[in-house]
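# Need coordinates for the following:
(one chain, ligands or ions: 1)
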Amino acid sequence: DIEMDNLEQEGINEEFIEFAIRESIQDASKLPCSAPIHRFETVQILLPCFTCVGPACIPAGDVCALQELSGYTSAFRERDSRGQLLLHAAAVQPQQEILHVCFLNSYLPLYCVFETEDGDTCLTLAAEAGLVENVKILLQHQASPHNNNSRNESPLLIAVRKKSYDMVFTLIMGGAFVEQVCQSKWTATHEAAKVGCPAVLLLLLRHGAKVTTRGAHGVTPLGIAAEYGNAEALEILIHHGGDVNAQASNGDTVLYDAAGNGNLDCIKLLLVHNANPNVASYACQLPIHRAAYEGHILALRTLIPITTKKAIRLSGQNPVHSAADGGQVECLKLLLQKGYDVNAMLDTHISENYGDLRKTPLYFAVSNGDVTCSEILLAAGARTDLDPLQCILVAVRAERYELVQLLLSYGAEVNCNFSVICNTLFPTALQYSLRDPVMLRLLLNSGYQAYKCFQCCHGNCEEIDSTWTELHNQAYQIYSQPNAISVRVISFCEYVSVSWLTHLVGGIVRMFLDYVSHVNICPNLKRILEKRPEWEEISEILGKPRSLQHLCRLLIRGHMGLRTLNNPEAMAAVPFPPRLRKYLTYSDYDLYGELSSI
Ligand SMILES: [Zn+2]
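Take a look at the predicted model:
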């Protein structure tokens, strides 16, 4: 009960105090300072809860109320809920009288060093608020310019960020140390290079700032100016002795940073001062790679004639890789036009950084799902079979129909195998498209070897599949090799016998029948199929001879070859009547074509 009473009492008090403050502020704005009686009473009431007064009367600029308070020194020692002293609130007020009044209290200079709970000092707050006069007053009252806030920023750093020449000057005159280290070894000089204010930068340099100071990761102010594309700041730093060939701890050169930003003035400035474009970062990246990746065409144009073939070779990667990876169409075109190799291969030490051990620029474009860049590369002669995991499989796995079709039209091998994870008797693409009838049709129409899905060792009877025997021998050879990883070749019937795939088998096998002549269904596969609704239709098709028309289609397709069949232009040139052409290319089953035409 007593507790309840206390709470109630507190609530009432708070309400009353709030009301009183409001009154007080209103009065202050109405009454001249010389009529303080009413307000003086208010202040007296407020004194037990002084923490409410600071923020309340100071933002309103109530100098008079404050003056009345100045007799009560304890008030200035109390903190509000955020740990702010009255002085902190005063520091961010544009009316200097308030600060002056605060300082009339003789204890106050001591409090300049106090921090709020957020770690701010009066000086960092005043600097953040951009109030030069307040900064002056605080410095006059012994506020230390060396105390950083909780983000480890010095007042000087904040002033530089604000691009305030006057404040920087005031702080330096007030004893601020220009080389003071802030967050991540960053100095005011780094900040000036970042914000790019030449006057402030010059001021710092005149007062002892060093151009060689290194921030986190060993980056110099030059690197920062280049990174943020501040040519004027960069020029000042160079003229003050900055090293244009300085490298950060990760090996990034200043020119590399400039290439990342793409500011041509910075790049030219560096080159005029003999920056070397052929120095790679420790990640084996040259400025030309960076420009290509970021899509800075003018920078790239500048770097192409001065980057040596040797430097590119030593880096282990080609700018074409970078442009393809960054999806930079214009840069890619420029590089190819300038004779860079569309089939450049990553060196092993770069390739090993990728789990898929990729090699080609095309692989970057395809794995990014980038149709435009893929097409540019393919049109320029990119090969589709140079990566350990072929591009077509990447596109199938990512369910990118457009890319799959594009790759196939440029002759990608739909029947390729990737046996590292799972060595199957049927071409790998099926593993990634079992659940996707649209993709499956696309692959089958493009020549996927469906008949291989009916080959296994379970043979119906005496009939022994010659392919199987051959593979069995191969498997035996692999067995006998000590380093062999994958030894077991899995057939389709085995692959789909797992419980989470059996429901798909009926539809898939029915689909396959459109692409094969007569096939035998092994007992294992039959056991699964018999439970599926499609079995009736499948057994009916298999029970009769296939139509002559269908068999002819298979034969003609076999003679034409997939390069012709999958290339729309080549097909258009074939002297067949359109209906026959449609029949041969299975265009009735072109689910993706239907999808994309909607
Ligand atoms: Zn089988």
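# The stretch 101-250 of the chain: helices as residue ranges?
All helices of the stretch 101-250 of the chain, identified by DSSP state H, counting those that start in this stretch, fall at 122-128, 132-140, 155-161, 165-173, 188-195, 198-206, 221-227, 231-239.
# ok, and what's touching the fourth one?
In this case it means helix 165-173. Helix 165-173 is contacted by residues 127, 130, 132, 135-136, 139, 145, 155-156, 159-160, 178, 188, 197, 199-200, 203-204, 207 when judged by Cβ atoms under 8 Å, 6 or more residues apart in numbering. C-betas here are computed from N, CA, C, even on glycine.
# Check the second one too.
The set of residues that contact helix 132-140 without belonging to it, under Cβ under 8 Å, 6+ apart, is 91-94, 96, 99-100, 103, 112, 122-123, 126-127, 145, 155, 159, 164, 166-167, 170-171, 174-175.
# From those, list the buried ones, please.
Burial by neighbour count, 16 or more other Cβ atoms under 10 Å: within the contacts of helix 132-140 this picks out 91-93, 99, 103, 112, 122-123, 126-127, 145, 155, 159, 164, 167, 170-171, 174.
# filter those residues down to the ones close to the ion.
Among these, no residue is within reach of the ion (Cβ under 5 Å from the ion).
# residue contacts, the residue of the stretch 1-150 of the chain found nearest the ion?
Proximity of the stretch 1-150 of the chain to the ion (Cβ to the ion) peaks at residue 150, 69.2 Å away. Taking Cβ under 8 Å, 6+ apart, we find residue 150 in contact with 115, 118-120.
# cool, residue 384 as well?
362, 378, 390-392, 407, 410-413.
# before we move on, what SS does residue 541 have?
At residue 541, secondary structure determined by DSSP: H, G, I helix; E, B strand; the rest coil is helix.
# Leaving out the residues flanking it, which one is nearest to it?
Using Cβ to Cβ, 6 or more residues apart in numbering and skipping the chain neighbours, the partner closest in space to residue 541 is residue 513 (5.3 Å).
# Which residues are in contact with that neighbour?
519, 538, 541-542 are the contacts of residue 513 under Cβ under 8 Å, 6+ apart.
# swap in residue 542?
513, 518-519, 521.
# Counting neighbours, which of those residues end up buried?
Neighbour counting by 16+ other Cβ under 10 Å classes 513, 519, 521 among the contacts of residue 542 as buried.
# Also within reach of the ion: list those from these.
Applying Cβ under 5 Å from the ion to those, one finds that nothing falls near the ion.
# Nearest to residue 498 among those residues?
Set against residue 498, the nearest of the buried ones among the contacts of residue 542 by Cβ to Cβ is residue 521 (18.2 Å).
# For residue 313, see how far away the closest one is.
Applying Cβ to Cβ, to the nearest Å, the value for residue 521 to residue 313 is 55 Å.
# Filter the contacts of residue 384 down to just the ones in helices.
The members of the contacts of residue 384 that map onto helices under DSSP state H are 362, 378, 391-392, 407.
# out of those residues, what pair is the most spread apart?
Pairwise distances across the ones in helices among the contacts of residue 384 peak at 11.5 Å for 378 and 392 (criterion: Cβ to Cβ).
# So what's the residue count around residue 210?
17 (other Cβ atoms under 10 Å).
# Please name the nearest non-neighbouring residue to it.
Per Cβ to Cβ, 6+ apart, closest to residue 210 is residue 179, 6.5 Å.
# ditto for residue 224
In space, and not counting its chain neighbours, residue 224 is closest to residue 193: 4.1 Å by Cβ to Cβ, 6+ apart.
# That neighbour reaches residue 231, doesn't it?
No - Residue 193 lies out of contact with residue 231 (Cβ atoms under 8 Å); the separation is 11.3 Å.
# Write out the residues of the stretch 351-500 of the chain neighbouring the ion.
Going by Cβ under 5 Å from the ion, the residues of the stretch 351-500 of the chain near the ion are 456, 458, 493.
# Flag the least confident of those.
Least confident of those in the model: residue 458, at 80.
# tell me the contacts of it?
491, 493, 522-525.
# does it count as helix, strand or coil?
Of the three states, residue 458 takes coil under three-state DSSP.
# By mean pLDDT, flag the weakest helix or strand of the protein.
Every helix and strand of the chain was ranked by mean pLDDT, DSSP states H and E. The lowest is helix 37-46, at a mean of 36.
# Please parse this protein into its domains.
Split into domains by automatic domain parsing, the chain comes to 11-176, 178-276, 450-472+492-545.
# and those, which is most packed in?
domain 178-276 (a mean of 21; mean count of other Cβ atoms under 10 Å).
# returning to that earlier point: shared neighbours, residue 193 and residue 231?
Common neighbours of residue 193 and residue 231, using Cβ under 8 Å, 6+ apart, are residue 225.
# The ion contacts on this protein?
456, 458, 493, 522, 524.
# Tabulate those residues (JSON lines), appending distance to residue 358.
What follows is the residues of the chain next to the ion, written out as JSON lines (distance: Cβ to Cβ, whole Å):
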{"residue": "456", "distance to residue 358": "33"}
{"residue": "458", "distance to residue 358": "38"}
{"residue": "493", "distance to residue 358": "33"}
{"residue": "522", "distance to residue 358": "37"}
{"residue": "524", "distance to residue 358": "37"}
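# quick one: which of these is nearest residue 81?
Nearest to residue 81, judged by Cβ to Cβ, of those is residue 493 at 72.6 Å.
# Skip the chain neighbours and tell me the closest residue to that closest one.
Leaving aside its sequence neighbours, residue 493 sits nearest to residue 525 (Cβ to Cβ, 6+ apart; 4.0 Å).
# Check residue 568 too.
Closest to residue 568 by Cβ to Cβ, 6+ apart is residue 409, at 6.3 Å.
# for that neighbour, what are its contacts?
566-568.
# Quick one, which of those are buried?
For the contacts of residue 409, buried by 16+ other Cβ under 10 Å: residue 566.
# Let's see which of the contacts of residue 409 end up in helices.
residue 568.
# just curious, which of the contacts of residue 409 is nearest to the ion?
Of the contacts of residue 409, the one sitting nearest to the ion (Cβ to the ion) turns out to be residue 566, at 29.6 Å.
# Tell me, what's the model's pLDDT at that closest one?
pLDDT for residue 566: 93.
# how much space between the nearest residue to it once chain neighbours are set aside and residue 598?
Excluding the flanking residues, the one nearest residue 566 by Cβ to Cβ, 6+ apart is residue 408, at 4.5 Å. Distance of residue 408 to residue 598, computed by Cβ to Cβ: 21 Å.
# what's in contact with stretch 553-563?
With Cβ under 8 Å, 6+ apart, stretch 553-563 has contacts from 408, 411, 414, 446-447, 515-517, 565, 570, 574, 583-584.
# Apply 6 Å and report the result again.
For stretch 553-563, contacts defined as Cβ atoms under 6 Å, 6 or more residues apart in numbering pick out 411, 447, 517, 584.
# Tell me, how many residues neighbour residue 334?
A total of 18 residues lie near residue 334 under the criterion other Cβ under 10 Å.
# ok, now residue 552?
Neighbour count for residue 552, taken as other Cβ under 10 Å: 12.
# what pLDDT does it get?
If you check residue 552, the pLDDT there is 95.
# distance of it from residue 558?
Per Cβ to Cβ, residue 552 is found 11 Å from residue 558.
# Surely residue 143 and residue 123 touch.
Yes - here residue 143 reaches residue 123: they are 4.6 Å apart, a contact under Cβ atoms under 6 Å.
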